[in-house]
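Peer 1: coordinates for the following, if possible.
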Amino acid sequence: MAMKPVVIRFFAPVIDATVNALMSAVDQKMKQGIKDFIILISSPGGSVDHGLSAYNYLKGLPASITTHNFGSVDSIGIVLYCAGSKRLSVPQARFLFHGVSAQFRGEQNLDEKLLEERLKGLRIDMENIAKVIAANTGKSAKDVTDAMLERITLNPEEAQSWGLVHEIKSELFEAGSEVIAIQAQQQPLPQLPKL
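Peer 2: Residues are numbered from 1 along each chain as shown. Below you'll find the predicted structure:
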């Protein structure tokens, strides 16, 4: 009897903790002989570095990866989504493209060289994101960069015509599949006074 794919539900921003949890879950299951994964993704995006690392890691594995947008895949989440050799989306979903930005903290002093370095880093991040999406959709890197700069949002049908989505499908996985949840840590709710 063939083993069912392991399902990983990535309902989280793309940050160090969530990407590490994703890679660890895949590593652990691969050690158990699992070679087939479905990664359900709904993410507001996050860190370019972590998104590109997760993409390269998943793409380079000797495993079958299916990604499935079950809500909203935004920003660098699209790069993570592109790691699937088969890419699915529920009918009520979206994909949001936008450019990259740099954060400046407080009263940080930036000289000309540091600003040039930051700008070069942003350009390389944009280029790398565009290359990944272009390689997986058949679009040109310029088309992808233009979409990012225009901040376009695609519904599943538009994403399918773009080559981003292979199939629109409501069913996420088979009954009885193992599901591993990855989410950002929630802050505990403050205790309300008892009445």
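
Peer 1: give me the helices and strands touching the longest helix along the chain, please.
Peer 2: Looking across the chain with DSSP state H, the single longest helix is helix 112-137. Contact partners of helix 112-137 among helices and strands, from 3 or more CB pairs under 8 Å, 6 or more residues apart in numbering; DSSP states H and E: helix 48-59, helix 77-81, helix 141-150. Where you see a C-beta, it was placed from the backbone N, CA and C, and this is true even at glycine.

Peer 1: of these, which is nearest Leu114?
Peer 2: Closest to Leu114 of these, according to CB to CB: helix 48-59, at 18.4 Å.

Peer 1: output the helices and strands packed on helix 112-137 as a markdown table; include the columns distance to Ala12.
Peer 2: Output for those, formatted as a markdown table (distance: least, CB to CB, whole Å):
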| stretch | distance to Ala12 |
| --- | --- |
| helix 48-59 | 11 |
| helix 77-81 | 9 |
| helix 141-150 | 22 |
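
Peer 1: deepest of those helices, which one?
Peer 2: helix 77-81 (a mean of 28; mean count of other CB atoms under 10 Å).

Peer 1: hang on, isn't Met93 packed against Pro156?
Peer 2: For residue 93 the amino acid is Ala, not Met. Yes. Between Ala93 and Pro156 a contact is recorded at 5.3 Å, counting by CB atoms under 8 Å.

Peer 1: now the common contact residues for those two.
Peer 2: Asn69 (CB atoms under 8 Å, 6 or more residues apart in numbering).

Peer 1: below-threshold pLDDT in this protein: ranges please.
Peer 2: 1-2, 102-104, 106-107, 185-195 (pLDDT under 70).

Peer 1: mind running it again at 90?
Peer 2: By pLDDT under 90, the low-scoring segments of the chain are 1-3, 98-119, 121-122, 183-195.

Peer 1: quick check: longest strand of it.
Peer 2: Counting by DSSP state E, the longest strand found in the chain is strand 64-74.

Peer 1: quick check: angle from that one to helix 48-59?
Peer 2: 160 degrees (axes from the mean of the first three to the mean of the last three CA atoms, to 10 degrees).

Peer 1: name the strands paired with strand 64-74 and say parallel or antiparallel.
Peer 2: strand 36-43 (parallel), strand 86-89 (parallel), strand 94-96 (parallel) (DSSP bridges).

Peer 1: would you format the ones you listed as JSON lines with mean neighbour count included?
Peer 2: Converted to JSON lines, the strands paired with strand 64-74 look like this (neighbours: other CB atoms under 10 Å):
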{"stretch": "strand 36-43", "mean neighbour count": "22"}
{"stretch": "strand 86-89", "mean neighbour count": "22"}
{"stretch": "strand 94-96", "mean neighbour count": "19"}
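
Peer 1: would you convert those into CSV that also reports distance to Lys29?
Peer 2: Putting those into CSV (distance: least, CB to CB, whole Å) gives the following:
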stretch, distance to Lys29
strand 36-43, 7
strand 86-89, 18
strand 94-96, 27
